[in-house]
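>>> my questions are about this predicted structure, shown below with the sequence.
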Amino acid sequence: MGEVIATYEITGKSRSFQEKAEGIALGLTVGSWTDLPLLEKDQLRKYKGTVVAVKEKEGEIPAAEIQIAYPSGNYSNDIPAILTTVFGKLSLDGQVKLRNIHFSNDLKKGYPGPRFGIEGIRELVKVSNRPLVMSIFKGVIGRDKDYLKNQLRAQALGGIDLVKDDEILFDNELTPFEERVRQGKNVLKEVNEVTGKRTLYAVNLSGRTSGLREKARKARELGADALLFNVFSYGLDVLQELREDNEIGLPIMAHPSFAGAAAASPQYGVDYSLWLGKLLRMTGADFSLFPSPYGSVALEKRQVLSISKELTNSDLFKRTFPVPSAGIHPALVPQLIEDFGRDCVINAGGGVHGHPDGASAGGSAFLQAIDAVLKGIPLTDAATRHTDLDKALRLWGGEISARG
Ligand code: 1AE
């Protein structure tokens, strides 16, 4: 089986990087190899990490990009073992950023990738050639089933493709998980009979890890469309378990909550493109949500573009839908399509519910904006013919500023 090659960015004293790289290659594999008797050295040689490259970077703070190859005999082919190998103790160093992990094709074959991928999801929502639109339940903690039903109905009536639970809505007495699935299905069937459009609903799969598999299978049995999952509060291997279970077999939407705890620092932790891009795709997410560069919680533009590239580049796996999110409103649609193309999901909570005429008009304003952009019509022109878009632009239109 092939090896993994990890790429790191390290800061420290200039010209100390080769030594630091050798220390990492040794420390994360055979440990105190150099002090051992000859016989043991020979036996351990094939397990030692190899420094592949050390490139000093230009800049005021001394930094270098280093690459280390880890032999496949050192770990089992699973994410917990590989992350522990390449960034276990090292993650505590505080001056090392894990930029990327290269997996050989042999290793990649041990991972499922998305079950549906972009093409499969497009078949489910019956939308072939435009960005999808998703909205989010808002303000539903402490509300009852009727409140949720009304919110779902309003969102779906606007023609939105997908509605997801808020990630902070957990199992609770007022709106229990199974009940949300049952009533979601009924409401969306009713709306479908009126509009001809079948919106999908992603229910938040939450609770203890030991109960997730059964809960997800039950959701499938009750007719759930998709699962929302707070992957980083549980771990990537839990996502993979859910993805690989054929009795679950539902699209999985990975929420980025808690991802910043490991990825937000520029100096240490894991790169966002690995966390919300490559590893989510390998372990089976059909959708990866991440903050866009334009909204309330923003990532830098180069970061979101590299996440999106990892989700959609040519690979052994199906493609994962990039879902730029957080503070999204219809005036941002031209910029989002310029950044992510047609194969993305435009996701908005406040930008749907905050529309002056309510969530249904909010959803339709997004669809009007998308239609205009794809036809090459400026939003302001389209707004003269579409009241919902016009009202959204009056509220949110204006200068767009990006982070980074
Ligand atoms: C990065 C995830 C965004 C999300 O889950 C969420 O709830 C966004 O809400 P709005 O669109 O910012 O209101």
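Great, that's in hand. Numbers count the residues shown, from 1 in each chain.
>>> what's whichever helix in the chain runs longest in contact with?
As assigned by DSSP state H, the longest helix anywhere in the chain is helix 177-195. The contact list for helix 177-195 (Cβ atoms under 8 Å, 6 or more residues apart in numbering) reads 145, 148-149, 152-153, 156-157, 159, 165, 171, 197-201, 203-207, 215, 218-219, 222-225. For every residue, glycine as well, the C-beta is placed using N, CA and C.
>>> quick one, whichever helix or strand comes after it and helix 177-195 angle?
Toward the C-terminus, helix 177-195 is succeeded by strand 200-204 as the next helix or strand (DSSP states H and E). Counting by axes from the mean of the first three to the mean of the last three Cα atoms, to 10 degrees, strand 200-204 lies at 170 degrees to helix 177-195.
>>> closest approach to the ligand from this structure, which residue is it?
Residue of the chain nearest the ligand, by Cβ to the nearest ligand atom: residue 349 (2.9 Å).
>>> show me what contacts that residue?
Neighbours of residue 349 in contact, by Cβ under 8 Å, 6+ apart: 135-138, 166.
>>> same check, this time on residue 25
Counted by Cβ under 8 Å, 6+ apart, residue 25 has contacts 48-51, 68.
>>> which residues does the closest residue to it other than its chain neighbours contact?
Once flanking residues are discounted, residue 25 sits nearest to residue 49: 3.5 Å by Cβ to Cβ, 6 or more residues apart in numbering. Contact partners of residue 49, counting by Cβ under 8 Å, 6+ apart, are 24-26, 28-29, 68-71.
>>> how about the residues you listed, which pair is most distant?
24 and 71 (14.5 Å; Cβ to Cβ).
>>> neighbour-wise, which of the two wins?
residue 24 (23 against 18; other Cβ atoms under 10 Å).
>>> is it true that that one touches residue 90?
Yes. Contact criterion Cβ atoms under 8 Å: residue 24 and residue 90 qualify, at 6.1 Å.
>>> for residue 19, pull up the helix or strand it's in.
With DSSP H and E as the test, residue 19 turns up in helix 17-27.
>>> how far off centre is that helix?
In terms of Cα atoms, centre = their mean, to the nearest Å, the centre of helix 17-27 is found 32 Å from the chain centre.
>>> any idea how far residue 321 is from residue 294?
19 Å (Cβ to Cβ, to the nearest Å).
>>> sorry, that was for residue 44
44 Å.
>>> give the contact list for the residue nearest to residue 115 when sequence neighbours are not counted.
Excluding its sequence neighbours, the residue lying closest to residue 115 (Cβ to Cβ, 6+ apart) is residue 243, at 6.1 Å. Neighbour list for residue 243: 112, 114-115, 252, 283-285 [criterion: Cβ under 8 Å, 6+ apart].
>>> how about a cut-off of 10 Å?
Residue 243 makes contact with 111-115, 227, 229, 249-252, 282-286 under the criterion Cβ atoms under 10 Å, 6 or more residues apart in numbering.
>>> who wins for neighbours among these?
residue 285 (30 neighbours).
>>> shouldn't that residue be in contact with residue 232?
No. Proximity of residue 285 to residue 232 does not meet the contact threshold set by Cβ atoms under 10 Å, at 11.3 Å.
>>> what is in contact with those two at once?
239, 254-255, 276.
>>> got a pLDDT number for the residue nearest the centre of the chain?
Nearest to the mean C-alpha position of the chain, by Cα atoms, centre = their mean, lies residue 288 at 2.5 Å. For residue 288, the model assigns a pLDDT of 99.
>>> and it, its phi and psi?
Dihedral angles of residue 288 (phi, psi; degrees, to the nearest 10) stand at phi -120, psi 120.
>>> surely it meets residue 340?
No. Applying Cβ under 10 Å as the test, residue 288 and residue 340 come out as separate, 11.7 Å apart.
>>> quick one: common contacting residues for these two?
Contacts common to residue 288 and residue 340, judged by Cβ under 10 Å, 6+ apart, are 308, 311, 321-323.
>>> and residue 216, which of the three is it?
helix (DSSP: H, G, I helix; E, B strand; the rest coil).
>>> next, count neighbours for it.
Every residue meeting other Cβ under 10 Å relative to residue 216 is counted, giving 24.
>>> neighbours around residue 96, how many?
Using other Cβ under 10 Å: residue 96 sits among 21 other residues.
>>> have a look at this protein and report the helix or strand with the lowest mean pLDDT.
Every helix and strand in the chain was compared by mean pLDDT, DSSP states H and E; the lowest is helix 38-44, with a mean of 68.
>>> buried sites along stretch 332-350?
Residues of stretch 332-350 classed as buried by neighbour count (16 or more other Cβ atoms under 10 Å): 332-337, 339-340, 343-350.
>>> ok, stretch 187-204 next?
Buried, per 16+ other Cβ under 10 Å, within stretch 187-204: 187-188, 191, 197-204.
>>> if we can go back for a sec, who are the contact partners of the residue nearest to the centre of the chain?
114, 231, 253-256, 259, 275-277, 279-281, 307-308, 310-311, 320-323, 325, 345.
>>> try 7 Å
254, 276-277, 280, 307, 311, 320, 322-323 (Cβ atoms under 7 Å, 6 or more residues apart in numbering).
>>> among those residues, which lie within helices?
280, 307, 311.
>>> just the closest of the residues you listed to residue 397, please.
residue 307 (26.8 Å).
>>> burial count for that closest one?
28.
>>> surely it touches residue 274?
No. Using Cβ atoms under 7 Å, residue 307 makes no contact with residue 274, being 9.1 Å away.
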